[in-house]
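Asks: Sequence first, predicted coordinates after that:
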Amino acid sequence: MKFVDEFRDAALGRAVAGEILSLVEPGRHYKVMEVCGGHTHSIYKYGVDDLLPANVELVHGPGCPVCVIPMGRVDDGIAIAEVPGVIFTCFGDMMRVPGSNGSLLDAKAAGADVRMVYSPLDALRIAKQNPGQEVVFFAIGFETTAPSTALTLKRARAEGVKNFSCVCSHVTIVPPLRALLESPDLRLDGFIGPGHVSTVVGARPFEFIPADYGKPVVVAGFEPLDILQAIAMILRQLAEHRCEVENQYKRVVPYEGNLRALEVLAEVFELRPHFEWRGLGFISHSGLKLSEAYADLDAELRFSVPGVRVADPKACQCGEVLKGVIKPWECKVFGTACTPERPIGTCMVSSEGACAAYYNFGRFAREREVV
Amino acid sequence: MRVVRTDPQRGLALCADGEGARHTVETALVEPLSAGRMVLVHAGVAIASLPVEVAA
């Protein structure tokens, strides 16, 4: 298949792995963070880390949209879903994220009308088909997904759909990266930049990482060869004592981003002063809410929500996994009390979560090593 | 996904994914589009169109 087969070519993969080997300095340990959960998924699915020298370590970052939603936000969603007459819609992964008293799936089992959608546009269609009921969309995701919510709200406004509203839990990628770089817990050598977020925001917003922190960033695609090449590009920068933003994913990512998408985002959303991230705490200017002009479509204003901060379960170490401080298998409950079937933490819910990706793919390689 | 047919008036396109399944996609962020172009679709919205020379 075009755009797939050529990026999974084994011979090319071996060649890039050889290049990586030639670029590493013996005795030096390299820590490279893949920011995006999509990369984490690909790394474990294709065994990319098996092709790396032992002294090149991949650290999983916070770029999984479902993983960073705190329990309090889930509780807010469930409170709205339980209002009689409401049809509550969300992406499939979001239905299984545990709140303090069960998930949206549990609320559905108890009688709430919770429906899975692939796009907010599907939720708008449900609203048009059910004019007598309030339809609420639980919007999550980074800048990749936010344009979809923004366009849906613009359509709702243009078409005069009054029974549609949105719980906005969209987040932005730069503030958590800055928080991670300021964190004393973690020493990183470079970043694999998020490919699909960058189709919207471009590669330019990551320039602060080399400028302020002296670390290379390579925006990368999601096929195994993309990721291997990005690692080689980071290591080459380090070997040549350079640090800059490079774009490995030029076939999709313009350096300046998608200007039309950025315009739509600026029209529909504004930054919240603070937003709570699961495991990372409150980060200033990191979350989006509906702008004044779209406030009438804000479900948090239309319905009453608890808005209470709820601490993560004690056993759950998602925060440390999201910051890359521990590996998924180092969590106390990984694969025992916490599995994709019965997740305790969000990282075990989404296929982009480091724990779920490792549980589904990586653990088999590790079991082979142990044997 | 590959664009099968466009509907510029409604800002939509019919696209086929790798397995041939068809999806209605919002195209406001990547217009103008024409049949045959490849687009990157996320949550029902085309967020990038691949350059013609790459997609050919």
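Replies: The structure has been received and is ready for your questions. Owing to the predicted nature of the structure, the values given are computational and were not obtained by experimental measurement.

Asks: phi, psi of residue A:200?
Replies: Note on residue A:200: its backbone torsions stand at phi -90, psi -50 [degrees, to the nearest 10].

Asks: was I right about it contacting residue A:260?
Replies: No. Counting by C-beta atoms under 8 Å, residue A:200 does not reach residue A:260; the two are 9.8 Å apart. For the C-beta atoms, the positions are set from N, CA and C on the backbone; glycine is no exception.

Asks: more crowded one of the two?
Replies: residue A:200 (27 against 15; other C-beta atoms under 10 Å in any protein chain shown).

Asks: In contact with that one, which residues?
Replies: Applying C-beta atoms under 8 Å, 6 or more residues apart in numbering or on different chains to residue A:200 gives the contacts A:143, A:144, A:146, A:147, A:257, A:258, A:261, A:262, A:265, B:47.

Asks: swap the cut-off to 6 Å and go again
Replies: Contacts for residue A:200 (C-beta atoms under 6 Å, 6 or more residues apart in numbering or on different chains) come out as A:143, A:257, A:258, A:261, B:47.

Asks: swap in residue A:153?
Replies: Shown in contact with residue A:153 (C-beta under 6 Å, 6+ apart): A:268, A:294, A:297.

Asks: Tell me which helix or strand it sits in.
Replies: Residue A:153 belongs to helix A:146-158 when assigned by DSSP states H and E.

Asks: Which SSE is immediately downstream of that helix?
Replies: Assigned by DSSP H and E, the successor of helix A:146-158 is strand A:164-170.

Asks: burial measure for the residue nearest to residue A:116 when sequence neighbours are not counted, as a count.
Replies: Leaving aside its sequence neighbours, residue A:116 sits nearest to residue A:92 (C-beta to C-beta, 6 or more residues apart in numbering or on different chains; 4.6 Å). Applying other C-beta under 10 Å, we find 13 residues neighbouring residue A:92.

Asks: Show the pLDDT at the residue in chain B that chain A sits nearest to.
Replies: With C-beta to the nearest C-beta, the shortest gap between chain B and chain A falls at residue B:44, namely 2.7 Å. Predicted confidence (pLDDT) for residue B:44: 94.

Asks: do the one 5 residues further on as well
Replies: Looking at residue B:49, its pLDDT is 92.

Asks: Quick check, it in contact with residue B:39.
Replies: Yes. Taking contacts as C-beta atoms under 6 Å, residue B:49 lies within contact range of residue B:39: 4.9 Å.

Asks: which ones are touching the residue of chain B closest to chain A?
Replies: Residue B:44 touches A:119, A:121, A:148, B:26, counting by C-beta under 6 Å, 6+ apart.

Asks: give me that answer again for 8 Å
Replies: By C-beta under 8 Å, 6+ apart, the neighbours of residue B:44 are A:118, A:119, A:120, A:121, A:122, A:148, B:23, B:24, B:25, B:26.

Asks: distance of the fifth one from chain B?
Replies: When you say that, I think you mean residue A:122. Using C-beta to the nearest C-beta, to the nearest Å, one obtains 7 Å as the distance from residue A:122 to chain B.

Asks: Can you name the helix or strand that that residue falls in?
Replies: helix A:120-129.

Asks: So the helix or strand just after that helix, near chain B or not?
Replies: Heading C-terminal from helix A:120-129, the first helix or strand you meet, by DSSP H and E, is strand A:134-141. Yes. Strand A:134-141 lies within reach of chain B by C-beta under 8 Å from any C-beta of the partner chain, at residue A:141.

Asks: What mean pLDDT does strand A:134-141 get?
Replies: The model assigns strand A:134-141 a mean pLDDT of 97.

Asks: The helix holding residue A:153 to strand A:134-141, inter-axis angle?
Replies: Relative orientation of helix A:146-158 and strand A:134-141, computed by axes from the mean of the first three to the mean of the last three C-alpha atoms, to 10 degrees: 160 degrees.

Asks: in helix A:146-158, what's buried?
Replies: For helix A:146-158, a neighbour-count test (16 or more other C-beta atoms under 10 Å in any protein chain shown) marks A:146, A:147, A:148, A:149, A:150, A:151, A:152, A:153, A:154, A:155, A:156 as buried.

Asks: Now do the residue of the stretch 101-250 of chain A found nearest chain B, the pLDDT please.
Replies: Nearest residue of the stretch 101-250 of chain A to chain B (C-beta to the nearest C-beta) works out as residue A:119 at 2.7 Å. If you check residue A:119, the pLDDT there is 95.
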